[in-house]
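> this is a predicted model, with the sequence first.
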Amino acid sequence: MNRKHYTLPALLSTMLVMGMFKTASGQYIIKEANNQATLYNYASAIPLYQKAYRKKETVEAVRGLADSYRRLKDYPAAVSWYEKLVAMPEHTAADELHYAGILMNNEKYAAAKEVLTGYLSKTPGDKIAESMIAGCDSAVKWLAAPVRGDMENLKGLNSEWSDWSTAFRNGKVIFASDRPYDSLRRDALFSNTNIKRKYYGYTGNSYLHLYESKGLDSGSVLLMARAVNGDYHSADASYTADGKTCYYAVTDLARKRGSLLGKEQPYTLNIELRTQQWDENKGIWQQGPAFPYNEIFNYSVGDPFISADGKTLYFAADYGEKGNGGTDIYYSSLDANGQWQLPVNMGPGINGAGNERSPMFDSTGIFYFSTDGRPGLGGLDIFKAAKVNGAWEVQNMGVPVNSAQDDFAPAYNGTNTMYFSSNRKGGKGSDDLYRFTPAKILVFSLEGKALNKKTNAPLGEAQITLRNKETGAVKNITTDSEGNFHFALDSLSAYGLDGEKALFRPETGVAVLTKGLTESAVLHRDLYLEKIEVVAVESKPKDPVPAKGVGAPAKIDLAGKFNPKNIYFDLGKADVRPDAAKELDKLINLMKENPSWRVDMSFHTDSRSDDNYNMKLSQRRAASTLAYFLSKGIDKKRLTAKGYGETRLINRCANGVHCPEAEHQANRRTEFVIFER
């Protein structure tokens, strides 16, 4: 089935040719073959061209076969005949362009590109050829990276014939088919239609008619009423949102001014648009007025799409010099008096040098159409377009919606599932109905703030780390002056989120999950960092004054993180005990988190034992503790450690004074003073 021209040759004597010239010469046979091709009767022309070719292998016969198979969309047969054609010296540049197109239809992109390159050397600047070369390059990429989703051939509706142009009305599916009228296996239904059994010479099949189904089951398919389907083509139905008005494309016999049917003066009746109105009271369709801008003797006007409110009609037409080349997409609007206004070309943002077809808007305002004039995989491809800053941005729908063959007639039914038609390989008939539901692409991100836990004030220049527990990937960013951070997230992942800042306790291991989420989302997590705030532990007025330029002791709260009262040594020994090491490790970790800290350590004994012994013991403990810090990677420049023996008692328990053990223990202390450099 040729979707571009389901035209009607108006010549009653054309059915006589098939048996008339069995003994005719090859020249006469090829003349009759050409006549049949002129009348679009390609199914009848092919055996005549074959007979002529057997008599004599002429370029005219080969071109006739190649072109006929191309128009009938028999791509494997067409490519073999075009290969013969371009090998003949008499072939034309146009033959090469058709050959390249057929090679693309057969997914032979490298060979097609080679032919196109040669063609452009003869006809430089040809936009169609340039677009086809770009399509050859893009096709390889699209085939390698198809859009994820579910593709389905609607086998319950499709037949071995041509089935296409999906529409929806009140829960029913409406489509066109050139199947035999009695293929429904419901003789009563057929006998009630009063439609004559006619065959379309272009394809050799029945004429196109509209069918409807209550679902996707072949058992529910019915031929629509006689008021809708005439004796010839009816296709491309489009309905208003209320389902009360239908626009569709038809062909019918009509008398050309100055001619009488039956005279051997062939002419073509082109496609036109008609309307049907639903009569609620009678429950039937009734014929409405024809579209005022039909020109059946001059141009084809088809592929109607009516807006939901019924006020704008989009359609494809080949208005000759009025267009950009081939068929273009136009629209017409109803005025206040209910009259259709002069059609408006949608312009070069949509229309180009090729054939633009199948206009359609979805509920979000995205425009869809088919064309063979933009880079594609071959034949008609489906594109979508959106207005951005007043200009159309057009995008090929890619694979698997598009194939190397014709893909056209996009339709939506209130979901993200696209219905469309295609004559791709692997179908049930020449054209089939398909639907594609893209896999839901979930997009996740994480945003939040780093905040002071006590005051809720934002923390700028905090270090935020996001760890993907599934892949091990780590991302690091620094918050802005308002404490903001933002990460892109993968789907089906689990993360751990950490935040840290100098002089603040870090918050770590905050869980962030995208697993189990079924809708795209921006997740929000705030991190609360606690300020370290109390005066240096055990600091006394007689503590050493910080060196010039170092700064005053920091107001640092070590409670719960590090307790110097837990630093113990065995009696008379200086080794760092395991329990003391555990406590010292807490301070070491804090120093690593806060590289601006410097620590002064002092070690003290009570007054018992010899003064000199106590001094040396405290100094050994200072050296041992300092060595422990150095072994953990703390820079020596950040540390001071000194033993004071019993020279800095904090109570009355000097030599010779009797004191309880608790008071002596108060003197056996280790002090830490923390400075911020």
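That came through fine. Numbering: from 1, shown residues only.

> what helix or strand is residue 419 on?
Residue 419 is part of strand 418-422, with elements assigned from DSSP states H and E.

> mind giving me the packing neighbours of that strand?
Under the contact definition 3 or more CB pairs under 8 Å, 6 or more residues apart in numbering; DSSP states H and E, strand 418-422 sits against strand 163-169, strand 407-412, strand 432-438. Placement of C-beta: from N, CA and C, glycine included.

> chain center to the shortest one: distance?
Pointing back at strand 407-412 there. With CA atoms, centre = their mean, to the nearest Å as the basis, strand 407-412 stands 17 Å off its chain's centre.

> what's the pLDDT at the nearest residue to residue 483 once chain neighbours are set aside?
Using CB to CB, 6 or more residues apart in numbering and skipping residues adjacent in sequence, the residue nearest residue 483 is residue 458, 3.1 Å away. pLDDT recorded at residue 458 is 96.

> correct me, but residue 458 touches residue 451?
Yes. Using CB atoms under 8 Å, residue 458 is in contact with residue 451, at 6.1 Å.

> neighbour count: these two, which is higher?
It is residue 451, of residue 458 and residue 451, that has more neighbours when counted by other CB atoms under 10 Å, with 20 against 17.

> what helix or strand is residue 50 on?
Assigned by DSSP H and E, residue 50 falls within helix 42-55.

> oh, I was asking about residue 590
Short version, using DSSP H and E: residue 590 is in helix 578-593.

> and that helix, what's buried?
580, 583-584, 587-588, 590-591, 593 (16 or more other CB atoms under 10 Å).

> columns pLDDT and distance to residue 30 on top of those residues, output as JSON lines?
Compiled in JSON lines, the buried residues of helix 578-593 are given as follows (pLDDT from 0 to 100; distance: CB to CB, whole Å):
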{"residue": "580", "pLDDT": "84", "distance to residue 30": "108"}
{"residue": "583", "pLDDT": "86", "distance to residue 30": "105"}
{"residue": "584", "pLDDT": "90", "distance to residue 30": "104"}
{"residue": "587", "pLDDT": "89", "distance to residue 30": "102"}
{"residue": "588", "pLDDT": "92", "distance to residue 30": "98"}
{"residue": "590", "pLDDT": "88", "distance to residue 30": "97"}
{"residue": "591", "pLDDT": "89", "distance to residue 30": "98"}
{"residue": "593", "pLDDT": "87", "distance to residue 30": "92"}
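
> show me where the stretch 551-677 of the chain has helices.
Per DSSP state H, counting those that start in this stretch, the stretch 551-677 of the chain carries helices over the ranges 578-593, 611-631, 661-667.

> report the separation between the residue nearest to residue 483 and residue 452.
Residue 458 is 8 Å from residue 452, where distance means CB to CB, to the nearest Å.

> got any residues that touch both of residue 458 and residue 451?
residue 483 (CB atoms under 8 Å, 6 or more residues apart in numbering).

> hmm, back to that, mind listing what's buried in the helix holding residue 50?
The neighbour-count check on helix 42-55 (16+ other CB under 10 Å) flags 42-46, 48-53 as buried.

> neighbouring strands - and their directions - for the host helix or strand of residue 332?
Assigned by DSSP H and E, residue 332 belongs to strand 328-333. According to DSSP bridges, strand 328-333 forms sheet pairs with strand 312-317 (antiparallel), strand 344-345 (antiparallel).

> and these: which comes nearest residue 641?
Among the strands paired with strand 328-333, the nearest to residue 641 by CB to CB is strand 312-317 (85.6 Å).

> quick check: mean pLDDT of the closest one?
On average, strand 312-317 scores 97.

> and it, how far out from the chain middle?
Remark: strand 312-317 is offset 27 Å from the chain centroid, using CA atoms, centre = their mean.

> how many neighbours does residue 660 have?
Applying other CB under 10 Å, we find 8 residues neighbouring residue 660.

> the one 4 residues further on now?
Counted with other CB under 10 Å, residues neighbouring residue 664 total 17.

> how many other residues sit next to the residue nearest to it when sequence neighbours are not counted?
The shortest distance from residue 664 to any non-neighbouring residue, by CB to CB, 6+ apart, is to residue 606 (4.2 Å). For residue 606, the count of nearby residues is 21 (other CB under 10 Å).

> wait, residue 606 touches residue 661, no?
No. Counting by CB under 8 Å, residue 606 stays clear of residue 661, with 9.5 Å between them.

> end to end on stretch 206-223, go ahead and measure it.
13 Å (CA to CA, to the nearest Å).

> can I get the strands paired with strand 328-333 in CSV including distance to residue 328?
Formatted as CSV, the strands paired with strand 328-333 follow (distance: least, CB to CB, whole Å):
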stretch, distance to residue 328
strand 312-317, 7
strand 344-345, 6
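
> and residue 342, which of the helices of the stretch 551-677 of the chain is closest to it?
Of all the helices of the stretch 551-677 of the chain, it is helix 578-593 that lies closest to residue 342, at 75.2 Å by CB to CB.

> what secondary structure does the spatially closest residue to residue 460 that is not a sequence neighbour sit in?
Nearest non-adjacent residue to residue 460, counting by CB to CB, 6+ apart: residue 481, 4.3 Å away. The three-state label given to residue 481 by DSSP: H, G, I helix; E, B strand; the rest coil is coil.

> what number of residues are in the vicinity of residue 481?
By the criterion of other CB under 10 Å, residue 481 has 9 neighbours.

> look at it and report its pLDDT.
94.

> that one contacts residue 462, correct?
No. At 10.9 Å, residue 481 does not count as touching residue 462 under the criterion of CB under 8 Å.

> need the residues touching each of those two.
With CB under 8 Å, 6+ apart, residue 481 and residue 462 have no common neighbours.

> flag the shaky bits of the protein, pLDDT-wise.
Along the chain, segments meeting pLDDT under 70 span 1-26, 182-197, 218, 255-268, 323, 532-561, 563, 565-566, 571, 676-677.

> tell me, what residue is most central in it?
Computing the C-alpha centroid of the chain and ranking residues by CA atoms, centre = their mean puts residue 147 first, at 6.9 Å.

> leaving out sequence neighbours, find the closest residue to that residue.
Residue 147 sits nearest to residue 398 (CB to CB, 6+ apart), 5.3 Å away.

> so that neighbour, which of the three states?
Per three-state DSSP, residue 398 ends up coil.

> dump the residue contacts of it.
Contacts for residue 398 (CB under 8 Å, 6+ apart) come out as 142, 145-147.

> with distance to residue 138 as extra columns, can I get the helices and strands packed on strand 418-422 in a markdown table?
Converted to a markdown table, the helices and strands packed on strand 418-422 look like this (distance: least, CB to CB, whole Å):
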| stretch | distance to residue 138 |
| --- | --- |
| strand 163-169 | 25 |
| strand 407-412 | 15 |
| strand 432-438 | 19 |
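
> so which of the ones you listed gets nearest residue 77?
strand 432-438 (19.6 Å).
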